[in-house]
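J.: I need the structure of the sequence given here:
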Amino acid sequence: MSAALKPETTDSVLIRARNLTVQFVSRDATVSAVNGVDLDLMQGETLCILGESGSGKSVTLRALMGLLPKRARIGGEIMVAGHDVARMSESQLSDFRGGEVAMIFQEPMTALDPVFTVGRQIAETVQRHERVSRSAANARALELLELVQIPSAKRRLEAYPHELSGGLRQRAMIAVALACRPKLLLADEPTTALDATVQIQVLLLLRELQERLRMGVVFVTHDLGVAGEIADRVAVMYAGRVVEQGPVAALMAGPLHPYANGLLGATVHAGMRGKRLTTIPGAPPSLEALPPGCAFAPRCSEVMSGCVAEVPRPTVMPGERMVRCWKYG
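T.: Prediction:
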């Protein structure tokens with residue numbers, strides 16, 4: 001079994017990424033944003049990718065959807081819903097996006113078109129992929145707004161994005177993403193800009209829709225509380241690598257990697273009143289010049305001599321867990 005810890009050949013596999021690398025090359029520097037990521041996702045499963053800003057989470061998500069710019073150098077294998085994403089043409093990707101794989105972006109105000117109504121944007125997505133009449137597409141748009149629990153759904157069809165609150169815009173974006181019944185939903189920190197109450201509502205809605213529609217979901221976040229609410233499995237990323245992966249309950253109960261342990265210690269939860277938060281010293285390394293060994297070594301309280309010499313290899317642990325740390329290798 002690979003470091004991704006899932007079977008490689010089954011009809012229910014939605015994502016199979018092996019040794020995925022992404023570099024952005026310019027005249028001044030080469031940025032290694034993703035450095036050998038292995039991921040698997042099964043039908044009906046939710047995977048959360050955790051990590052600080054700059055850890056490679058969003059770039060990984062965009063690589064899975066074929067949304068990276070032309071200047072990006074992509075290596076490794078990316079199989080999504082049975083398609084080799086790296087080998088698809090632009091016309092094939094256009095059918096693939098929205099039809100089989102959909103994405104919810106972090107800020108709906110920039111992702112939704114401000115000059116068209118919400119209903120028209122949903123209906124056009126349906127018509128583009130399902131070749132139905134305008135009336136059938138409008139009926140589907142209304143059905144979707146009701147599915148994502150937007151109040152007064154019929155009236156909201158004629159609303160423009162700026163006329164909706166942040167929570168309603170996020171629900172409208174979820175409706176656009178679900179318009180063509182995708183097998184896989186990619187969510188890039190979709191609740192970051194929302195207040196706590198609305199965030200919980202959106203998370204519960206996503207979990208309910210995922211269970212009802214049997215979609216696979218990859219959810220990018222930096223919030224362990226969000227991961228605990230929605231995930232089946234968690235992949236912790238640091239400096240473009242997955243440093244720990246496993247079932248969410250096991251990781252929350254006892255993280256293996258010092259970085260994952262630091263993230264858990266820095267999370268606010270009930271019963272912490274009056275207690276000091278644990279912090280991770282220092283800052284993530286520059287992706288233009290990664291250190292030769294473990295990228296977390298300069299910040300790690302458990303660093304050993306071997307940590308600074310060589311990048312740790314993935315070690316499979318009991319309970320379908322994986323960790324990249326010399327403590328275990």
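J.: give me the pLDDT for residue 169.
T.: Per-residue pLDDT puts residue 169 at 91.
J.: give me the number of residues near residue 111?
T.: Neighbourhood size, residue 111 [other CB atoms under 10 Å]: 16. (Glycine included, C-beta is placed from N, CA and C.)
J.: so how far does stretch 178-190 reach from one end to the other?
T.: Its start and end residues considered, stretch 178-190 measures 14 Å (CA to CA, to the nearest Å).
J.: for that stretch, what is the average pLDDT?
T.: pLDDT averaged over stretch 178-190 gives 90.
J.: same deal with stretch 134-145?
T.: Stretch 134-145 shows a mean pLDDT of 93.
J.: got it, and stretch 23-36?
T.: On average, the pLDDT along stretch 23-36 is 92.
J.: walk me through the domains of this structure.
T.: Listed by automatic domain parsing, the domain ranges of the chain are 1-89+184-197+205-268+277-329, 101-181.
J.: take those domains and write them to a markdown table, including distance to residue 95.
T.: Listed next are the domains of the chain as a markdown table, based on distance: least, CB to CB, whole Å:
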| stretch | distance to residue 95 |
| --- | --- |
| domain 1-89+184-197+205-268+277-329 | 9 |
| domain 101-181 | 7 |
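J.: do you have the strands of the stretch 101-250 of the chain handy? List them.
T.: Under the criterion DSSP state E, counting those that start in this stretch, the stretch 101-250 of the chain contains strands at 101-104, 184-188, 216-221, 233-238, 241-247.
J.: in JSON lines: these, plus mean neighbour count and distance to residue 18.
T.: Output for the strands of the stretch 101-250 of the chain, formatted as JSON lines (neighbours: other CB atoms under 10 Å; distance: least, CB to CB, whole Å):
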{"stretch": "strand 101-104", "mean neighbour count": "24", "distance to residue 18": "18"}
{"stretch": "strand 184-188", "mean neighbour count": "24", "distance to residue 18": "17"}
{"stretch": "strand 216-221", "mean neighbour count": "26", "distance to residue 18": "16"}
{"stretch": "strand 233-238", "mean neighbour count": "27", "distance to residue 18": "14"}
{"stretch": "strand 241-247", "mean neighbour count": "25", "distance to residue 18": "12"}
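J.: for residue 37, which of those strands is the nearest?
T.: strand 241-247 (5.5 Å; CB to CB).
J.: quick one: that closest one to chain centroid distance?
T.: Centre-to-centre, strand 241-247 and its host chain are 14 Å apart (CA atoms, centre = their mean, to the nearest Å).
J.: can you give the strand pairings for it, parallel or anti for each?
T.: strand 233-238 (antiparallel), strand 321-323 (antiparallel) (DSSP bridges).
J.: can you list those strands in CSV and add distance to residue 289 and mean pLDDT?
T.: Shown next, in CSV, are the strands paired with strand 241-247 (distance: least, CB to CB, whole Å; pLDDT from 0 to 100):
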stretch, distance to residue 289, mean pLDDT
strand 233-238, 16, 96
strand 321-323, 25, 96
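J.: no further queries at this time; thank you.
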